[in-house]
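[1] take this sequence and fold it.
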Amino acid sequence: MMECIDCEYSIEGNGPPLFLVHGIGAARNTWRFAMPILREHFTVITYDLRGHGVSPKPQSEFGLDELVDDLERVRERAGIEQAHFAGHSLGGMIGPAYARKYPNRVRSLGVLSTAAFRTQDDSDKVMGVVKAMERDGIPKILRTLTDRWFTDSFIEQNGQIVENRLKQVIETDPDIFSNIFRIYASVEMSPWLQEIEHPALVLTGENDGGCNPRLNKQIAEAMPNSELVILKDYKHSLLLEAGEIVAENLVRFMSK
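    Numbering: from 1, shown residues only. Here you go, the predicted structure:
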């Protein structure tokens, strides 16, 4: 069995515990625009996934199971018995998978901008991005993803945030990035999502190409205790472009 990794984590705020799980090639600072609201209502635990931010790099290839066990290790080290969990993109797969393996630890879920029920065409497209990155290099393909992640007006007005996001991806170890993107591309939650009975907020952007409302509607329908929210006009990088709105929705849903 592969060992879990002691990921670096931070704790801020007051209230019921909430663990936040970021996506591919990001780090815990990707939640920074949501944090001012979240820490007013929750004790918020953010962490860097293995090989991301300042967390240690694994020595060998890993899958979703290892990422789930890393999260469980953060929970143990933080000394928290039960909490709310929210994840974005790949983090939106880690959260439900964690709830499936450790159901008694979870009070509710935030499933943000993630994918399930992909058609063959959906899967081919996302694997095409993986293969293009492996063939042509991450920096070259990354430029083509910018307009999938951010709205045009945000790119125009917040160039530095966009550049920093691209830089963060480019500075991620390419083997880690490729490994983690393959997990995101290949994991299919549809066979087991109906097992997740925790209250779940499923939230995405109206124009998120990879995690569009069609898929999120199916995710919400599969989870027996869920609510679907689609944010008008937004694309994939909700945490950077609409962090406050995401936070407000999490507070509203998880405070019920």
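[2] show me the contacts for Tyr98.
    Shown in contact with Tyr98 (CB atoms under 8 Å, 6 or more residues apart in numbering): 68, 71-72, 85, 105-106. Every C-beta, even on glycine, is put in place using the N, C-alpha and C of the backbone.
[3] go again with 6 Å.
    Residues near Tyr98 by CB atoms under 6 Å, 6 or more residues apart in numbering: 68, 71.
[4] look up how far Lys232 lies from it.
    Tyr98 sits 30 Å away from Lys232, taking CB to CB, to the nearest Å as the criterion.
[5] average pLDDT for the helix or strand containing Val44?
    Taking DSSP states H and E as the definition, Val44 sits inside strand 43-47. For strand 43-47, the mean pLDDT works out to 98.
[6] so how far is stretch 116-135 from its chain's centroid?
    18 Å (CA atoms, centre = their mean, to the nearest Å).
[7] what's the answer for stretch 243-256, then?
    Using CA atoms, centre = their mean, the offset of stretch 243-256 from its chain centre is 16 Å.
[8] same question for stretch 34-49.
    Computed by CA atoms, centre = their mean, the chain-centroid distance of stretch 34-49 equals 14 Å.
[9] beta-bridge partners for the nearest residue to Pro199 once chain neighbours are set aside, please?
    Leaving aside its chain neighbours, Pro199 sits nearest to Ser108 (4.2 Å; criterion: CB to CB, 6 or more residues apart in numbering). Going by DSSP bridges, Ser108 is paired in beta bridges with His84.
[10] isn't Ser108 right up against His84?
    Yes: counting by CB atoms under 6 Å, Ser108 sits close enough to His84 to count as a contact (5.0 Å).
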